[in-house]
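# Give me a model of this one.
(chains A and B)
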Amino acid sequence: MMRIYLAKDLLSANKNDADTVRSILLENNMLMINLIGSPGSGKTSLLEATFKNLTQHKKVVIEGDLFTAEDAERLMPYCDKVIQINTEGDCHLLAGQIRQLIIQDQLMFADLLVVENIGNLVCPADFDLGEDIRVTVISVTEGNDKPRKYPLAFKNASAVIITKTDLLPYCDFSISRAEEDLHRINPDLKIFTLSTYNNMGMTEWIQWLTDQIKLKNGSV
Amino acid sequence: MHELTVANSLIESIASDAKNRGILKITRISVLVGELAGVSSGHLSFALDNLRAGTILENALIEIQNVAAKATCNHCLEPFKVRAPFFECPACGKIGFPDSKSKEVHIAFYEGE
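So this is what the prediction gives:
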């Protein structure tokens, strides 16, 4: 009998791919956002509204969905290129897929690459895609318990966007309670509250995002 | 759902290492699953049982151990056991960040002949 100590992390392949993505982004001064959130939290609507206000920059989106290209079609008018990945069942995207698409589809020309991950607060939280910024979206209709129920989706994020604030009068959702829980999970989180329906709060988010793009491409 | 990917990676890693060493049969495997790795031991065990038929691992005893999440406090530097969802240090209440082992799935060792 022989005993072999391998000490191999089985998730390391994704970590290596994420490092490769990071170096490609750095070389090309491109900012990448990994957008995470439940199905129906408003990720695609947020991107539509964001891109309408971000006319100065070259924008590319990688859309992750189990099936259909509906989100990609929605975003097409507002950005320079949209790539759809259909995972046909997989619950999250992998860094290797992002690396391959950036190279294969020549996405390096963009100032901003947004990856809209599969609608899910569990699995995407565990997989680093090599992004500069992870943004997690929650909507006021989902309820106040989401940060406490899915802490890892917020622990590793740089920013959280609370969407659909126009529906606050009809929901039992407290913004201050959400902010308190989110900052207990991650004190460094930047929190935005906005509505893409009436545009309240959009300016602050767009300004922050523009600053991040400038910081990455060295124009500040 | 990604337990299937992890199980595949485990089988491929061990089979390839064993081949290089001239090992023909795997008898025992020890796997460590970090509490915050996002991998369920039960689902991993189920995936392995479905994937290992016909491989060098077919008859191996598979032991999967959970590794409790630990963190070090950013403020008082004390190590502590993480209690989700808040990751707060029980001594001073400040936030700690989990160590890498809490987020990894490791093959500790395997035995073969």
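# So residue A:83, which state does it fall into?
Following DSSP: H, G, I helix; E, B strand; the rest coil, residue A:83 is assigned to strand.
# Now for residue B:65, how many residues are close by?
11 (other C-beta atoms under 10 Å in any protein chain shown). Glycine gets a C-beta too; all of them are placed from N, C-alpha and C.
# so it bridges to which residues?
residue B:32 (DSSP bridges).
# Verify the stated contact: it with residue B:35.
No. With contacts counted by C-beta atoms under 8 Å, residue B:65 stays clear of residue B:35, the gap being 11.0 Å.
# So what are the sheet partners of the helix-or-strand element of chain A with minimal mean pLDDT and their directions?
Ranked by mean pLDDT, DSSP states H and E, the helix or strand of chain A with the weakest confidence is strand A:8-9, at a mean of 84. In the sheet, strand A:8-9 lines up against strand B:105-112 (antiparallel) (DSSP bridges).
# Give the buried residues for the strand it pairs with.
Residues of strand B:105-112 classed as buried: B:105-107, B:110-112 (neighbour count, 16 or more other C-beta atoms under 10 Å in any protein chain shown).
# Would you mind extracting the C-alpha trace of it into CSV?
What follows is strand B:105-112 as a C-alpha-only set of coordinates in CSV (Å, rounded to 0.1, in the frame of the first residue of the first chain):
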residue,chain,number,x,y,z
VAL,B,105,-11.9,21.5,-1.4
HIS,B,106,-8.7,19.4,-0.9
ILE,B,107,-7.6,15.9,-1.6
ALA,B,108,-5.7,15.3,1.7
PHE,B,109,-4.2,12.0,0.5
TYR,B,110,-5.0,8.8,-1.3
GLU,B,111,-3.9,5.3,-0.8
GLY,B,112,-3.3,2.7,-3.5
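# which outside residues touch it?
With contact meaning C-beta atoms under 8 Å, 6 or more residues apart in numbering or on different chains, strand B:105-112 is reached by A:1-11, B:6, B:10, B:13-14, B:17-18, B:23-34, B:37, B:39, B:44, B:56, B:60, B:65.
# what's the nearest residue to the residue at minimal distance from the centre of chain A if we skip its chain neighbours?
Geometric centre of chain A, nearest residue: residue A:35, 1.2 Å, by C-alpha atoms, centre = their mean. Excluding the flanking residues, the one nearest residue A:35 by C-beta to C-beta, 6 or more residues apart in numbering or on different chains is residue A:116, at 4.9 Å.
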